[in-house]
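Novice: test case, fold it:
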Amino acid sequence: MATSSRLGLLREPDFGRLFAATALGQLGDRIIFLALPLVAIMALDADEFQVGLLTTMTTAGSLLVGLPAGAWVDRMRKRSVMISTDMARSLALLTIPVAWSADLLTIWWLYTVALFHGILTVFFDVAYISYLPHLVGRSHLVEGNSKLSAIRSVTSISGPSIAGPMVGWVGAPATVLASSIGMAMSGLLAMNIRNREQKPEPSERPQLGREIKEGLKFVLKYPALRAIILGDGIFNLFLVMYQAMLLIFLEREMGLDSFEIGLILSGMGCGALLGALLATRISRRVGHGPIIWIAPLVTCPLTALMPLARPGWSVYVAAVGLASLSMGGVVRVVSQSSFQQALTPDHLLGRMSATARFVSWGGIPLGGFLGGVLGSAFGAKATLWIGAVGMTLSILPNFLSPLRTMRQLPEQVDTSPLPEPDHRR
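Specialist: Here you go, the predicted structure:
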């Protein structure tokens, strides 16, 4: 196969810049995924409930601004939103090592930064998802999503493998500085994208409530979209319960150090990379609709290997289950993201993305809170069991929907109003 054929969209300079910006931003995000809880666990000696509450603060933005974010983003240039939120997140994260060096860092400081960072991430993600159809065209959505998922998966491997040793060498608070730098460089790269959208035409009387209602009505109207976001909501609730206790389980019950924890999380990134590389091929062979429920059905039960593990070699066998979960998750997300983007008209992309995120991510803060409560009451291992069962059951909404047999991506819906009838004789 020719190199140019393999590169595909990467031959386009603007997509290449978005690809590079994604790499740096996601690298910073993956470092935070490991470093921020370890700041709480190792530097501040946080207990299970406090770690669960930190996860809640990180993800509470979806509930606080999830719906209005879509309406606001639809009024703005998506590229500008991405740049400004990258820079603001970078500055917020920078305060953690500064506060640590001044002996001012507390768990409440972490909660505040996590909440602010999470709110900005909502705006970034809504703009990011809405921007892709403009940049690559609807006919290249699966390829674009696959390539961006691939680079996110690479950073899922490299992020923890970088963060683990860094936490051991310089401490968790100082490691957050690397994440701040990655976010800033991502914003700088996005500034160089030349293909800029036209600013959306403002409505004569913009009404936030009406615009939010339009997004909700669109998403809830179509059974396949309803099933996707409901299945996502169930999956994310139990995934975050699982993740909230995973680091505590590995560090306190399995006796792993930060490097070993980073190695296991890097294994999850390897699974995600494999999923990204295979997503287009698998979706075409199995069908874009069926793969949305088949992928988690095959991979979610394997997460039960972790609570079965004992200190020693078996924990690394259990890590294969986590890698499988990541692989299935990426295959599912590539297909369902392409499905959502293909169906949605341009002027509703931001609201569709925000509405889907609000519903499907709305349970994430609750998942973090419940993970902390269950971990305190029954222990980290029992919480992992509950998470594994719940993630497996998340296939039901998609299995019971039209997605079960929809092999092709849908056509874009025409939401333009019908012309007024001509009553003249």
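
Novice: remind me which residues of the stretch 101-250 of the chain are low pLDDT?
Specialist: Applying pLDDT under 70 to the stretch 101-250 of the chain flags residues 138-139, 152-161, 163-164, 168, 199-208, 211.

Novice: quick one: the helices in it?
Specialist: 107-136, 141-170, 172-191, 208-221, 223-248 (DSSP state H, counting those that start in this stretch).

Novice: and the angle from the last one to helix 208-221?
Specialist: Our comparison of helix 223-248 with helix 208-221, counting by axes from the mean of the first three to the mean of the last three CA atoms, to 10 degrees, yields an angle of 100 degrees.

Novice: out of the helices of the stretch 101-250 of the chain, which is closest to residue 86?
Specialist: helix 172-191 (3.3 Å; CB to CB). Quick note: C-beta positions are derived from backbone N, CA and C, even for glycine.

Novice: ok and that closest one relative to helix 107-136, angle-wise?
Specialist: 20 degrees.

Novice: output the contacting helices and strands for helix 172-191.
Specialist: In terms of contacts (3 or more CB pairs under 8 Å, 6 or more residues apart in numbering; DSSP states H and E), helix 172-191 is packed against helix 13-38, helix 78-101, helix 141-170.

Novice: contact partners of it?
Specialist: The contact list for helix 172-191, computed with CB atoms under 8 Å, 6 or more residues apart in numbering, reads 17-18, 20-22, 24-25, 27-29, 31-32, 35-36, 38-39, 42-43, 79, 82-84, 86-87, 89-91, 93-94, 96-97, 99-101, 105, 162-163, 166-167, 258.

Novice: on that earlier part again, out of the helices of the stretch 101-250 of the chain, which is closest to residue 254?
Specialist: Judging the helices of the stretch 101-250 of the chain by CB to CB, what sits closest to residue 254 is helix 223-248, at 9.9 Å.

Novice: the helix or strand following the closest one vs helix 172-191, what angle?
Specialist: Next along the chain after helix 223-248, taking DSSP states H and E as the criterion, comes helix 258-286. Interaxial angle of helix 258-286 relative to helix 172-191 (the same axes, to 10 degrees): 40 degrees.

Novice: what about helix 258-286, average pLDDT?
Specialist: Taken as a whole, helix 258-286 has a mean pLDDT of 80.

Novice: show me what it packs onto, helices and strands only.
Specialist: helix 13-38, helix 141-170, helix 290-299, helix 314-343.

Novice: list the buried residues for the first one?
Specialist: Applying a neighbour-count criterion of 16 or more other CB atoms under 10 Å, one finds 14-15, 17-38 buried in helix 13-38.

Novice: as a markdown table, the helices and strands packed on helix 258-286 with distance to residue 281 would be great.
Specialist: Shown next, in a markdown table, are those (distance: least, CB to CB, whole Å):
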| stretch | distance to residue 281 |
| --- | --- |
| helix 13-38 | 20 |
| helix 141-170 | 9 |
| helix 290-299 | 11 |
| helix 314-343 | 10 |
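
Novice: so which of those is nearest residue 73?
Specialist: helix 314-343 (14.5 Å).

Novice: just want the angle from the very next helix or strand once past the closest one to helix 78-101.
Specialist: As assigned by DSSP H and E, the chain's next helix or strand after helix 314-343 is helix 349-361. Using the same axes, to 10 degrees, the direction of helix 349-361 lies 40 degrees away from that of helix 78-101.

Novice: what's downstream of helix 349-361, the next helix or strand?
Specialist: helix 363-378.

Novice: for the residue positioned nearest the centre of the chain, give me its contacts.
Specialist: For the chain, residue 125 is the residue whose C-alpha lies nearest the centre (CA atoms, centre = their mean; 8.0 Å). Residues in contact with residue 125 (CB under 8 Å, 6+ apart) are 353, 357.

Novice: any idea how far residue 26 is from it?
Specialist: Distance from residue 125 to residue 26, counting by CB to CB, to the nearest Å: 12 Å.

Novice: likewise residue 320?
Specialist: Taking CB to CB, one finds residue 320 at 23 Å from residue 26.

Novice: cool, residue 389 as well?
Specialist: 29 Å.

Novice: so where is the stretch 251-400 of the chain shaky, pLDDT-wise?
Specialist: In the predicted model, the stretch 251-400 of the chain carries pLDDT under 70 at residues 346, 350, 361-362.

Novice: sorry, back to before: out of the helices of the stretch 101-250 of the chain, nearest to residue 331?
Specialist: helix 141-170 (8.9 Å).

Novice: please name the nearest non-neighbouring residue to residue 8.
Specialist: residue 143 (5.6 Å; CB to CB, 6 or more residues apart in numbering).

Novice: next up, the contacts around the one you found.
Specialist: 8-9, 136, 280.

Novice: mind saving the C-alpha coords of stretch 19-38 as PDB?
Specialist: C-alpha atoms of stretch 19-38 as PDB (Å, rounded to 0.1, in the frame of the first residue of the first chain):
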ATOM      1  CA  PHE A  19      -3.700  15.700  15.000                       C
ATOM      2  CA  ALA A  20      -0.600  17.100  16.700                       C
ATOM      3  CA  ALA A  21      -2.600  19.400  19.000                       C
ATOM      4  CA  THR A  22      -4.700  16.300  20.000                       C
ATOM      5  CA  ALA A  23      -1.500  14.400  20.800                       C
ATOM      6  CA  LEU A  24      -0.100  17.100  23.100                       C
ATOM      7  CA  GLY A  25      -3.400  17.900  24.700                       C
ATOM      8  CA  GLN A  26      -4.200  14.300  25.400                       C
ATOM      9  CA  LEU A  27      -0.700  13.600  26.600                       C
ATOM     10  CA  GLY A  28      -1.200  16.300  29.200                       C
ATOM     11  CA  ASP A  29      -4.700  14.900  30.100                       C
ATOM     12  CA  ARG A  30      -3.300  11.300  30.500                       C
ATOM     13  CA  ILE A  31      -0.600  12.600  32.800                       C
ATOM     14  CA  ILE A  32      -3.300  14.300  34.900                       C
ATOM     15  CA  PHE A  33      -5.400  11.100  34.900                       C
ATOM     16  CA  LEU A  34      -2.600   9.400  37.000                       C
ATOM     17  CA  ALA A  35      -1.000  12.400  38.700                       C
ATOM     18  CA  LEU A  36      -4.000  14.200  40.200                       C
ATOM     19  CA  PRO A  37      -5.300  11.200  42.200                       C
ATOM     20  CA  LEU A  38      -1.700  10.400  43.200                       C
END
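
Novice: begin at 284 from here
Specialist: In the new numbering, first residue 284, that becomes stretch 302-321.

Novice: what sits against the closest residue to residue 613 other than its chain neighbours?
Specialist: Nearest residue to residue 613 in three dimensions, chain neighbours excluded: residue 558, at 3.4 Å (CB to CB, 6+ apart). Residues near residue 558 by CB under 8 Å, 6+ apart: 432, 436, 609-614, 617.
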